[in-house]
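Novice: pasting the structure only:
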């Protein structure tokens, strides 16, 4: 059976540097009828568990460790027995939310995670956070898919105005790691609507000029 992408939106609070903001997060489930991985277990472990619909959860993959992307990860892992995967450069951020519970697995650039016959290649894309990663699946969807977390959105890079972030670094990550993907690759983001690589590529210089 073919692998598919299931999507749900969960709501909660993003907290960093003493501020709090209400946010809606995209949660992505990649798998078939028997097994799956969750990309960014945000806010609501019960809703994510229900969306799994009895499938075996192989991993909880974190695109980065801002609290709104990981707050439900330990509860979901405890309920399913799945391991949590995070790039080690984001451990300081993780520990702000979960000081007593470390991820089991470290993500590394170039690593390939396979579920339901689909390969997800880890692309380390720092800038929004030191350990931010994207997950590229050329075999998923009609033209391939990349899950970008908060690195690339419809209309530009993720925010870099808070601790652990850097604008020149995120621009380099997008230029070197994402805009080199095929133009029709679907971009599935951490918040809001998706886009394609081809739709965003022409605007790189414009983002740099405005220091988005």
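Specialist: Structure's in. What do you need? Since we're looking at a predicted model, the values are computed, not measured.

Novice: all helices for the chain, in order.
Specialist: Along the chain, counting by DSSP state H, helices occupy 45-52, 67-70, 73-80, 91-97, 167-173, 197-200, 204-210.

Novice: what about these, which gets the closest to residue 118?
Specialist: Across these, residue 118 has its closest neighbour in helix 45-52 (16.4 Å, CB to CB). Heads up, the C-betas are built off the backbone N, CA and C, glycines and all.

Novice: Which other helices and strands does that closest one contact?
Specialist: strand 4-16, strand 19-31, strand 35-39, helix 73-80 (3 or more CB pairs under 8 Å, 6 or more residues apart in numbering; DSSP states H and E).

Novice: buried sites along that helix?
Specialist: 45, 47-49, 51-52 (16 or more other CB atoms under 10 Å).

Novice: quick one, that helix and strand 35-39 angle?
Specialist: 140 degrees (axes from the mean of the first three to the mean of the last three CA atoms, to 10 degrees).

Novice: what sits up against helix 45-52?
Specialist: 6, 8, 10, 27, 29, 36, 38, 41, 72, 75-76, 79-80 (CB atoms under 8 Å, 6 or more residues apart in numbering).

Novice: So what's the residue count around residue 202?
Specialist: Other residues lying near residue 202 total 9 when counted by other CB atoms under 10 Å.

Novice: next one: residue 139
Specialist: Residues lying near residue 139 (other CB under 10 Å) number 12.
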